[in-house]
Each structure stands twice: as structure tokens, then as C-alpha cells.
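S.K.: Everything below, folded, please.
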Amino acid sequence: NKAPWLIEVNASPALARENNLDVSIKETLIRETIDLVDPVSFDREALVKICERRLIEMKFCGWKNKRGNDKKRLDAHQEMNSVKCEKRKLEDDLRAILRNSLPRKYGELPKKCKMGEYQLLAPNTKKYKQYMKLKRSR
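M.R.: I've put the predicted structure just below:
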């Protein structure tokens, strides 16, 4: 269910702005690319603290248990509660890192995004649907 987004990638783009035309084109390109990607703001301090805590937890509180080397295997009920607890901790950690904001959903355009010179190829475009129909028929 994952459809591609295509952004042309140049391994070594020349982004120097040596004249007015360069300034006009390249600064617009950079701004529109960042708007399109819409990187999520996050709390770096929270990220560092959570990573440090998780490393300690892995090292001292269950790394061996998860690999089955130290203690007997958990029964199905304990295993399910453990998974739920870990999922809840992960969600809490992500909320702290992302400052309670959610990244946009797959295929959703950023709210502030103006496509500029970019063209949406997928998902939910006529050409994309034709391609997927052709692909499925093979």
C-alpha cells in the first residue's frame, strides 16, 4: 500500500548562488523542497534522554530476557501485557520527542505546501491509477 513519491536527486547539486538568476532559482528550489518534505519539529533534548534511557533498559533490564538466555519464557498472557506496555512506552516517548504533534499521514500534502515546480505523481493521480491497474493486470 506504499506508493512512491519522486523527488529528483542529484548526488552533488551545485547550489552556489553566483548571480541573480542562481539566487532566484536555487533559493526557490530549496524553499519549495523543504516545504514539500515538511520535516517534523522535534525536541532534541527529549530524544537524547529517551535514547539514553532505552539503551540502559536494553542493557540492564531485559536484553537477555528477550533473547531467552536468562529467564524462563513468558506465558502468552505475560507476553501480551509486555507488548502492550512496550507499545505504550514507545507512544509516550514519541509524544515527548515530537512535542505531542503527529507527522502527516502517508500521501497527505503538507498544509503550507505550495507545489511550486513539483508535480505530484502518486498517490491518487490519474497516471498513478493507470500504472497500478496495468501493474495488477500482469
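
S.K.: May I see the buried residues of the longest helix anywhere in the chain?
M.R.: Determined from DSSP state H, the single longest helix within the chain is helix 76-97. Residues of helix 76-97 classed as buried: 93, 96-97 (neighbour count, 16 or more other CB atoms under 10 Å). Every C-beta, even on glycine, is put in place using the N, C-alpha and C of the backbone.

S.K.: Looking at the residues you listed, spot the one nearest Glu32.
M.R.: Within the buried residues of helix 76-97, the smallest distance to Glu32 is 26.9 Å, found for Ile97 (CB to CB).

S.K.: where exactly do the strands run in the protein?
M.R.: Applying DSSP state E to the chain gives no strands.

S.K.: Ranking helices and strands of it by mean pLDDT, which lands last?
M.R.: Every helix and strand of the chain was ranked by mean pLDDT, DSSP states H and E. The lowest is helix 63-67, at a mean of 50.

S.K.: For the residue sitting nearest the centre point of the chain, give me the pLDDT.
M.R.: In the chain, the residue lying closest to the centroid (CA atoms, centre = their mean) is Pro103, at 7.7 Å. We have a pLDDT of 83 for Pro103.

S.K.: So it is in contact with Val40, correct?
M.R.: Yes - counting by CB atoms under 8 Å, Pro103 touches Val40, with 4.9 Å between them.

S.K.: Spell out which residues are contacts of both of those two.
M.R.: Counting by CB atoms under 8 Å, 6 or more residues apart in numbering, Pro103 and Val40 have no contacts in common.

S.K.: and the longest helix of the chain, what does it pack onto?
M.R.: helix 44-60 (3 or more CB pairs under 8 Å, 6 or more residues apart in numbering; DSSP states H and E).

S.K.: Quick check: buried residues in the helix it packs on?
M.R.: 46, 50.
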